[in-house]
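Novice: Sequence unavailable; structure follows:
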């Protein structure tokens with residue numbers, strides 16, 4: 001039940017258009033619009049730098065599952081279906097282990113997304129060097145980092161707004 005003025009964060013937070021939290025969020029429309037623009041930019045950019053829209057959606061669904069946000073993961077699953085899923089992407093999205101024949105590039109994307117989502121504090125330069133060794137370019141590393149940051153940000157905003165909506 002998506003209305004014209006509600007975004008994914010509103011919907012998954014359980015905000016109602018007549019609630020105080022919804023209205024408070026609209027006091028800063030640049031944040032609401034910015035989150036939507038960021039979602040579009042990191043998930044379906046004009047230049048994907050070799051990381052497809054489908055791969056981005058699969059990684060986003062996976063990260064949401066690792067965080068424990070099945071609702072958010074399902075939203076990304078729908079995006080993956082629209083972008084064109086396959087067995088490997090479905091396994092990534094489901095947070096399953098990769099098959100042994102997955103290529104080094106895919107393994108690096110998944111490993112890094114998992115690692116930073118689970119233990120961001122433990123990230124070091126060596127993790128970036130591991131991505132480079134797997135063949136990722138600087139633009140690809142930046143694109144992956146943006147995706148990881150956005151999904152983790154979005155999940156935490158949804159949790160915070162959900163709590164606020166419950167106590168408001």
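Specialist: It's in. Predicted, not measured: the structure shown is a model, and the values here were computed from it. Residues are numbered from 1 along each chain as shown.
Novice: Three-state assignment for the closest residue to residue 26 other than its chain neighbours, please.
Specialist: Here the nearest residue to residue 26 in space, its sequence neighbours aside, is residue 32; by CB to CB, 6 or more residues apart in numbering that works out to 6.6 Å. Where C-beta positions appear, they are placed from N, C-alpha and C, glycine not excepted. When states are read from DSSP: H, G, I helix; E, B strand; the rest coil, the local structure at residue 32 comes out as helix.
Novice: Near residue 32, how many other residues are there?
Specialist: Residues lying near residue 32 (other CB atoms under 10 Å) number 18.
Novice: The one 10 residues further on now?
Specialist: Using other CB under 10 Å, the number of residues around residue 42 comes to 20.
Novice: Buried residues in stretch 133-147, which are they?
Specialist: 134, 136, 140-141, 143-147 (16 or more other CB atoms under 10 Å).
Novice: Those: which two are farthest apart?
Specialist: Longest distance between any two of the buried residues of stretch 133-147 is 18.0 Å, between 134 and 146; criterion CB to CB.
Novice: follow-up on the earlier one: could you single out the nearest of the buried residues of stretch 133-147 to residue 46?
Specialist: Residue 46 has its nearest neighbour among those in residue 143, at 11.8 Å by CB to CB.
Novice: Skipping adjacent residues, who's closest to that closest one in space?
Specialist: Spatial nearest neighbour of residue 143, excluding adjacent residues (CB to CB, 6+ apart): residue 49 at 5.0 Å.
Novice: any idea where the helices of this structure begin and end?
Specialist: Here the chain has its helices, by DSSP state H, at 8-13, 20-26, 29-43, 53-67, 70-83, 87-93, 104-118, 125-133, 138-167.
Novice: State the distance from the residue nearest to residue 143 to residue 136.
Specialist: 9 Å (CB to CB, to the nearest Å).
Novice: count of residues packed around residue 47?
Specialist: Here the count is done by other CB under 10 Å, and residue 47 has 7 residues near it.
Novice: Relative to residue 53, how far out is it?
Specialist: Counting by CB to CB, the gap from residue 47 to residue 53 is 12 Å.
Novice: residues contacting the nearest residue to residue 136 once chain neighbours are set aside?
Specialist: Distances taken as CB to CB, 6+ apart place residue 108 nearest to residue 136, at 6.2 Å, with adjacent residues excluded. Residues in contact with residue 108 (CB atoms under 8 Å, 6 or more residues apart in numbering) are 130-131, 134-136.
Novice: Thanks a lot, catch you later.
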